[in-house]
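Novice: Coordinates only, no sequence provided:
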């Protein structure tokens with residue numbers, strides 16, 4: 001990713017986060033987080049990934065709220081970013097947190113004896 005594209009992605013991320021926190025009154029968009037913003041090489045399209053932090057059941061209402069507020073958010077980003085054209089915002093649900101939580105749950109249920117791994121390492125070191 002080019003330096004300009006990376007900087008602009010970070011800038012759009014910050015602006016959208018601030019807008020969602022301070023200027024959006026829609027209750028569907030309360031307590032959501034912008035997890036990532038990715039701009040295409042021409043800086044014309046921004047993929048915006050959002051999450052409701054542990055409340056995956058809110059996905060349909062959050063996405064509907066974002067579609068409704070999309071014009072306002074794009075206009076505000078355009079006012080605050082110095083680009084020839086304001087990128088079109090495409091919103092996506094970020095399920096990475098839910099997937100990580102699911103994997104953590106699976107791993108915490110595993111019963112792995114701690115000494116079994118240590119014995120093998122000791123034998124390998126002794127053979128060396």
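Specialist: That came in fine, so what should we check first? The structure displayed is predicted, hence computed values, not measured ones.
Novice: so where is this protein shaky, pLDDT-wise?
Specialist: Applying pLDDT under 70 to the chain flags the ranges 1, 54, 97-98, 116-128.
Novice: Give me the phi and psi angles of the residue nearest the centre of it.
Specialist: With distances taken as Cα atoms, centre = their mean, residue 35 lies nearest the centre of the chain, 2.2 Å away. Phi and psi for residue 35, reported as degrees, to the nearest 10, are phi -90, psi -30.
Novice: just checking, residue 28 touches residue 60?
Specialist: No - with contact defined as Cβ atoms under 8 Å, residue 28 and residue 60 do not form a contacting pair (9.4 Å). From N, CA and C alone the C-beta is placed, and that goes for glycine too.
Novice: ok, those two, which is more surrounded?
Specialist: Comparing residue 28 with residue 60 by other Cβ atoms under 10 Å, the one with more neighbours is residue 28, at 17 against 10.
Novice: rewinding a little: gap between the residue nearest to the centre of the chain and residue 110?
Specialist: To residue 110, residue 35 is 28 Å away according to Cβ to Cβ, to the nearest Å.
Novice: go on, residue 74?
Specialist: Residue 74 is 46 Å from residue 110, where distance means Cβ to Cβ.
Novice: Show me what the top helix by length along the chain is packed up against.
Specialist: Assignment by DSSP state H gives helix 59-80 as the longest helix of the chain. Helices and strands touching helix 59-80, by 3 or more Cβ pairs under 8 Å, 6 or more residues apart in numbering; DSSP states H and E, are helix 3-22, strand 88-93.
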